[in-house]
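Asks: here's a sequence, model it:
(chains A and B)
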Amino acid sequence: MSNERYNAAEREKHWQTKWEDADIFRATETEDGREKCYVLEMFPYPSGRIHVGHSRNYTMGDVFARYKRAKGFNVLHPMGWDAFGMPAENAAMERKVHPGKWTHENIAVMREQLKAMGLSIDWSREFATCDVEYYQHQQKLFLDLAEAGLAYRKSSKVNWDPVDNTVLANEQVIDGRGWRSGALVEQRELTQWFFNITKYSDELLDDLATLEKWPDKVRLMQANWIGRSEGLSIRWALDAKTAPAGHSELEVYTTRPDTLFGASFMAVAADHPLAIAAAENNAELAAFCEECRRLGTSATDLETAEKQGFDTGIRAAHPLDPNWLLPVYVANFVLMDYGTGAIFACPSGDQRDLDFARKYSLPVVPVILPSDADPARFEIDDEAYAGDGTMINSKFLDGLDTKTAFEKVTDKLEAAKLDGKPVGKRQTNYRLRDWGISRQRYWGCPIPMIHCADCGVVPVPAKDLPVKLPDDATFDKPGNPLDRHPTWKDVDCPKCGKAARRETDTMDTFVDSSWYYARFAAPSETTPVDPIAAKYWLPVDQYIGGIEHAILHLLYSRFFFRAISDCGHGTGGDPNSGNRGAREPFDALFTQGMVTHETYKSAKGQWLPPTEVKLESDGKSRKAIHIETGAPVSIGGIEKMSKSKKNVVDLDDFISAYGADTARWFVLSDSPPERDVLYTDVGVDGAHRFVQRVWRQVDEIAVLTEKNSTGQPGSFGDLALSLRKATHKCLDGVGSSIEGLRFNVAVAQLYELTNTIGSTLQKSKDGKAGDGADWALREAVTLLVQMMAPMIPHLAEECWARLGNNTLLANQPWPEAERALIVDDQITIAVQVNGKRRGEVTIARDADKDAVEAAALALEPIVRALDGKSARKVIVVPQRIVNIVV
RNA sequence: GCGGACGUGGUGGAAUCGGUAGACACACAGGACUUAAAAUCCUGAGAGGGUAACCUCGUGCGGGUUCAAGUCCCGCCGUCCGCACCA
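Replies: Purely as a prediction, here's the structure:
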């Protein structure tokens, strides 16, 4: 017995080189007879280094890709870099390093880290979105979208830092102040580029139903995000005595016209034209509107802020009762972006309206009676009732149900006239807004447009692409480096030839990630998306990434792929014919959980990395001290591994200590993949022990069986047979677990088989194993190694070789389980009395109900539990359970 | 604030369709091997009661549906994710 320890560091490198030399992970260009399978993990932002937290996503994708390859699929498993973005520009400002240099250095490090994990990636297709070879195509896509009217300019709000004179991202606004300057942030209007995603609202919503391999929760979140609603727009006449000049009506959108008799006030956004007009000669109101603008642009801030309003003094006439005048407020919770930027409020039916009404002592009239409420006693206290019911206090609607009332009011208001036009109009509304893609930053894809004083906005002619980022930009101060570059924006107008200026906005990085998966199909093509390759490879068969992308990235990608397809860049469909090609980019989606880790803080409140902390335990409580200073360290909460909290375990450190296989095994073990997994040293030790244990086991069995490795014996003893059954059941189970991405279950099944092999091996060594045991052992470890191969591929190769094979395991087909060994003729099912388990019966698998019932009733514990009483009813679910009801 | 999810032993979790709750692992305890330790191997264990056979309770909390609920429904509590310029 050799029994040497498996040297992961050395052997992993060895097998990675073998795979690379054999070039086995390179995908074919197109069709090769096999069924295709495109496996993709959301590509990383090159932030610096890869930590164990990142590695989980890639490991999962890799297990799936390797498994599918073994199952005979033509697998495409590429990798690239989502390489534009703010951190590079921040690094440039802080460390005086060019964003491109910083990014490419990070990529170089991270590429090596990913390679050290032994991923089955086709590296020949790698690209970074910040390279002109990629973004030039994105510029072409932009031009085509603009041509098709899908990219356009309009005014919208940004967070403005008045000290740094720069636009801030939402995450750069902390408690209403700029993160660098500390200045109070204000909203400012800028003309910016937008993609017309709302044109696709209905398609994006309706097609969610076809995404059967997406998690329901993601589909639901997207549906709510799009937020299609059927409602009514209503024009309210303004009281001429109180309205500002030129304003005679106020249009609101509502999904609940049935509650119109519960209306108690109107509210408009601070930027609503009526608010602006009213503020002109009302300084207090103007100040209030200014205050609303100071909240910045983030929805979280706007909606969690205390509800505040200001009475404009304007009064609006109720559309169903011209003598009923309602006050018009400016309210900080009404958003200009949604509907018409104005609402009528029914406090009894909407919590936000109710809170507001209570605060400003406005009337609260209940108009809907819940079906289970007592009409005499029903009243609204501090909880609004938004559900359905019977109309009350609503004149001609009284007694109707909510839906009928909706129809009746709607019909009436559609027929009613104000200034000769209908008061009400049925309208489908969406919460989804067009996608603003302009960023006033350097490190992004330049928008290929030119501003000419005479010709207006002129697209850069396709022949003049790419519009390259200048290398000699300066990053010493805030603001847009493209805008202040001395010469870059100077260009001649392509139309009239006069001096003009380039667009200095760059694109949102979400644009980069909205089509990269299509580029992977043919990453060197001269057109953005090669229709032949795309038609073959798309859609992505299995997409894997974090749940945090459930809405934006995935929705943008679904939109962008449709939009570019409709401009002729998709999978070869013809937008004008019935065949529009593939519409959805991702056929199956899996959202994986994060790797979490404890956090540590010094007495001064600084985050400390785990490497600088020593943990001590006296069995009951745990203490942490700072290794260098010996100072006490407070142990904080368990949070997602992130650079900012420093609770990361570097992948290089991990691999040099334990090897890539241990890392892979660890992140797959225990936690279900869609849930978070907690990183602990003891958990890692456990994973590492397993890797070593498998190696020992294979080594021992190889030694034990190499002398007598004869053909399959004619008969097997009980022990050999039960090992064979365990092995083939495991094979069946692991296959379907990987297929269903239930990696933690696959891991448990492999542990179980290893345990069975271990005990059989022990008996064999003791000479008590009986007929065929050695052969069964060899079969078991051989299949074990093949099953482990997708998860811990290096060790599997090593074991494969140790078992005498001179082929690469990565090229072997997935083994087939023997059906006869999987199905038992005898099964054990539980027997309950009144739902409580009182015994179990072992019976032929195909026994009929009567036989099962008879056997169950004859069981000694059942007879005892029945205690002479006769069964009232016996429920027999074949192959599942017997329940005797007395 | 709005939208979405999750909650099972000391710990991570399993239970694929409403059908034996706690697979598998970690930690722990006892034993074997060893001069000793490490490593390895074996055994034990949800809680409570009982010499034992066995009994009772038990999947965040409170209700409900069902022969049967971790699983379905209603309400509550807690944690996490997203909210449009972080990626």
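
Asks: how about the residue nearest to A:Leu668 when sequence neighbours are not counted, what does it touch?
Replies: Leaving aside its chain neighbours, A:Leu668 sits nearest to A:Phe743 (4.2 Å; criterion: C-beta to C-beta, 6 or more residues apart in numbering). In this view, the C-beta of every residue, glycine as well, is placed from N, C-alpha and C. Going by C-beta atoms under 8 Å, 6 or more residues apart in numbering, A:Phe743 touches A:Met60, A:Val63, A:Leu668, A:Pro673, A:Ser737, A:Met791.

Asks: what do you get if the cut-off is 10 Å, keeping everything else the same?
Replies: Counting by C-beta atoms under 10 Å, 6 or more residues apart in numbering, A:Phe743 makes contact with A:56, A:59-60, A:63-64, A:592, A:664-665, A:667-673, A:734, A:737, A:790-791.

Asks: can you check A:Ala267 too?
Replies: By C-beta under 10 Å, 6+ apart, the neighbours of A:Ala267 are A:252, A:275, A:307, A:309-310, A:312, A:327-334, A:341-345, A:352-353, A:356.

Asks: isn't A:Glu280 up against A:His247?
Replies: No: counting by C-beta atoms under 10 Å, A:His247 is not a contact partner of A:Glu280; they are 11.2 Å apart.

Asks: in chain A, which helix or strand is least confident?
Replies: Ranking every helix and strand in chain A by mean pLDDT, DSSP states H and E puts strand A:613-617 at the bottom, with a mean of 72.

Asks: by contact count, what packs against the very next helix or strand once past it?
Replies: Moving toward the C-terminus from strand A:613-617, the next helix or strand (DSSP states H and E) is strand A:622-626. If you count contacts as 3 or more C-beta pairs under 10 Å, 6 or more residues apart in numbering; DSSP states H and E, strand A:622-626 packs onto strand A:595-601, strand A:613-617, strand A:632-640.

Asks: okay, now the sheet partners of strand A:622-626, with direction.
Replies: Note on strand A:622-626: by DSSP bridges, its sheet partners are strand A:613-617 (antiparallel), strand A:632-640 (antiparallel).

Asks: out of the ones you listed, which gets nearest to A:Asp476?
Replies: strand A:632-640 (33.8 Å; C-beta to C-beta).

Asks: which outside residues touch the closest one?
Replies: With C-beta under 10 Å, 6+ apart as the contact definition, strand A:632-640 has outside contacts at A:53, A:546, A:548, A:593-603, A:605, A:607-608, A:612-615, A:622-627, A:645, A:647-648, A:676, A:678-680.

Asks: quick check: PyMOL command selecting the buried ones in the residues you listed.
Replies: The following PyMOL line selects those of the contacts of strand A:632-640 that are buried, judged by 16 or more other C-beta atoms under 10 Å:
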select buried, chain A and resi 53+546+593+594+595+596+597+598+599+600+601+602+608+613+624+626+645+647+648+676+679
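
Asks: figure out which of the strands paired with strand A:622-626 is closest to RNA strand B.
Replies: The closest of the strands paired with strand A:622-626 to RNA strand B is strand A:632-640. By C-beta to the nearest atom of the strand, the value is 5.7 Å.

Asks: how about the closest one: buried residues?
Replies: Neighbour counts over strand A:632-640 (16+ other C-beta under 10 Å) mark A:Val633, A:Lys640 as buried.

Asks: next SSE downstream of it?
Replies: In N-to-C order, the element after strand A:632-640 by DSSP H and E is helix A:651-658.

Asks: so for that next one, mean pLDDT?
Replies: Taken as a whole, helix A:651-658 carries a mean pLDDT of 88.

Asks: remind me what that helix packs against, helices and strands.
Replies: Judged by 3+ C-beta pairs under 10 Å, 6+ apart, the packing partners of helix A:651-658 are helix A:8-22, helix A:52-70, helix A:99-116, helix A:660-668, helix A:681-706.

Asks: now do the contacts for the residue lying closest to A:Gly48 once chain neighbours are set aside.
Replies: Among residues not flanking A:Gly48 along the chain, A:Asn106 sits closest, at 5.3 Å (C-beta to C-beta, 6+ apart). Neighbour list for A:Asn106: A:Pro44, A:Tyr45, A:Pro46, A:Ser47, A:Gly48, A:Arg49, A:Ile50, A:Trp81, A:Ala83, A:Pro87, A:Ala88, A:Ala91 [criterion: C-beta under 10 Å, 6+ apart].

Asks: from A:Lys463, how far out is A:Asn106?
Replies: 34 Å (C-beta to C-beta, to the nearest Å).

Asks: A:Gln222 too?
Replies: Separation of A:Gln222 from A:Lys463 (C-beta to C-beta): 39 Å.

Asks: compare those two and say which is more crowded by neighbours.
Replies: A:Gln222 (22 against 6; other C-beta atoms under 10 Å).

Asks: contacts for the helix or strand harbouring that one next, please.
Replies: Element membership of A:Gln222, judged by DSSP H and E, is helix A:216-226. For helix A:216-226, the surrounding residues in contact (C-beta under 10 Å, 6+ apart) are A:197-198, A:200-202, A:204-206, A:208-209, A:211-212, A:214-215, A:430-432, A:547, A:549-552, A:554-555, A:558, A:589-591, A:674.

Asks: can you give me the buried ones in stretch A:861-870?
Replies: Quick answer for stretch A:861-870 (16+ other C-beta under 10 Å): A:Ile862, A:Ala865, A:Leu866.

Asks: hang on, the earlier thing: now the contacts of helix A:216-226: which count as buried?
Replies: By 16+ other C-beta under 10 Å, these give A:197-198, A:200-201, A:204-205, A:208, A:211, A:214-215, A:430, A:432, A:547, A:549-550, A:554-555, A:558, A:589-591 as buried.

Asks: those residues in helices, which ones?
Replies: Counted as lying in helices by DSSP state H, out of the buried ones among the contacts of helix A:216-226, are A:Ser201, A:Leu204, A:Leu205, A:Leu554, A:Leu555, A:Arg558.

Asks: which among those gets closest to RNA strand B?
Replies: For these, the nearest to RNA strand B is A:Leu555 (8.5 Å; C-beta to the nearest atom of the strand).

Asks: and the residue of the stretch 551-700 of chain A closest to RNA strand B?
Replies: With C-beta to the nearest atom of the strand as the measure, A:Gly686 is the residue of the stretch 551-700 of chain A nearest to RNA strand B, at 2.7 Å.

Asks: how many other residues sit next to that residue?
Replies: What A:Gly686 shows, counting by other C-beta under 10 Å, is a neighbour count of 15.

Asks: hang on, it packs against A:Tyr658?
Replies: No: in this structure, A:Gly686 is not within contact of A:Tyr658 by C-beta under 10 Å, at 11.2 Å.

Asks: between those two, which contacts overlap?
Replies: Residues touching both A:Gly686 and A:Tyr658 (C-beta under 10 Å, 6+ apart) are A:Trp665, A:Phe666.

Asks: low-confidence stretches in the stretch 301-450 of chain A?
Replies: Filtered on pLDDT under 70, the stretch 301-450 of chain A yields no residues whatsoever.

Asks: go again using 80 as the cut-off
Replies: A:371-374, A:377 (pLDDT under 80).

Asks: tell me where it has strands.
Replies: Secondary structure of the stretch 301-450 of chain A (DSSP state E, counting those that start in this stretch): strands located at A:309-318, A:321-331, A:342-345, A:368-369, A:390-391, A:417-418, A:421-422, A:424-429, A:435-436, A:438-439, A:449-452.

Asks: can you check the stretch 151-300 of chain A too?
Replies: For the stretch 151-300 of chain A, the strands defined by DSSP E, counting those that start in this stretch cover A:151-161, A:166-168, A:173-174, A:177-178, A:186-195, A:229-238, A:249-254, A:265-268.

Asks: deepest-packed of the ones you listed, please.
Replies: Most buried of the strands of the stretch 151-300 of chain A by mean neighbour count (mean count of other C-beta atoms under 10 Å) is strand A:265-268; its value is a mean of 25.

Asks: wait, does that one contact RNA strand B?
Replies: No: interface with RNA strand B: strand A:265-268 contributes nothing (C-beta under 7 Å from any atom of the strand), its closest point being 14.1 Å away.

Asks: brilliant, that's me finished.
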